[in-house]
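>>> next come a sequence and a model predicted from it.
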Amino acid sequence: MYGAGGGRAKPERKSGAKEEAGPGGAGGGGSRVELLVFGYACKLFRDDERALAQEQGQHLIPWMGDHKILIDRYDGRGHLHDLSEYDAEYSTWNRDYQLSEEEARVDALCDEERYLALHTDLLEEEARQGTAQEKLT
């Protein structure tokens, strides 16, 4: 901790205050957790004109000549010049392939499992199964 003068200040302690050990400590398992925070000194240079230009988006450039899509000049998308080979309407590798009934059934089961957490509270379901298991034993 640093005081107002920039020098190192001593941490304040209340007399008679009892430290409780956090998780894994030697104490009685109190709820106090210690946190160590540190940082490095840095200098900030204020440039109001550049900050205003940044805020207004003047640093952005059009992507592939399209002025509707503006990106930062360091954006990785600036290196992607021709995406037509990745468009779904132009890909021909699976255009004619149809899933069999068994493949469609397996695909639907996989989608159900994949998106299960979107429409089911998994923690509640796990707790419900745990209580059902306890009743059986």
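Right, received. Where do you want to start?
>>> quick one: mean pLDDT over the top strand by length along the chain.
Counting by DSSP state E, the longest strand found in the chain is strand 66-72. Average pLDDT, strand 66-72: 88.
>>> and stretch 103-110, by the same measure?
Computed over stretch 103-110, the average pLDDT equals 94.
>>> in the protein, which spans are helices?
Assigned by DSSP state H, the helices in the chain fall at 48-56, 101-114, 116-119, 122-136.
>>> buried set for the third one?
Pointing back at helix 116-119 there. By neighbour count on 16 or more other CB atoms under 10 Å, the buried set for helix 116-119 is empty. Quick note: C-beta positions are derived from backbone N, CA and C, even for glycine.
>>> low-scoring stretches of the protein, by residue?
1-30, 88-96 (pLDDT under 70).
>>> would you mind giving the domain segments of it?
Annotated domains of the chain cover 44-91, 101-136 [the TED database].
>>> let me see the backbone angles for residue 39.
phi -160, psi -180 (degrees, to the nearest 10).
>>> next one: residue 47
Residue torsions, per degrees, to the nearest 10, at residue 47 are phi -140, psi 90.
>>> next, count neighbours for it.
Residue 47 has 10 neighbouring residues, counting by other CB atoms under 10 Å.
>>> one more: residue 63?
Residue 63 - counted by other CB under 10 Å - has 16 other residues nearby.
>>> the one 5 residues further on too?
Using other CB under 10 Å, residue 68 is surrounded by 6 other residues.
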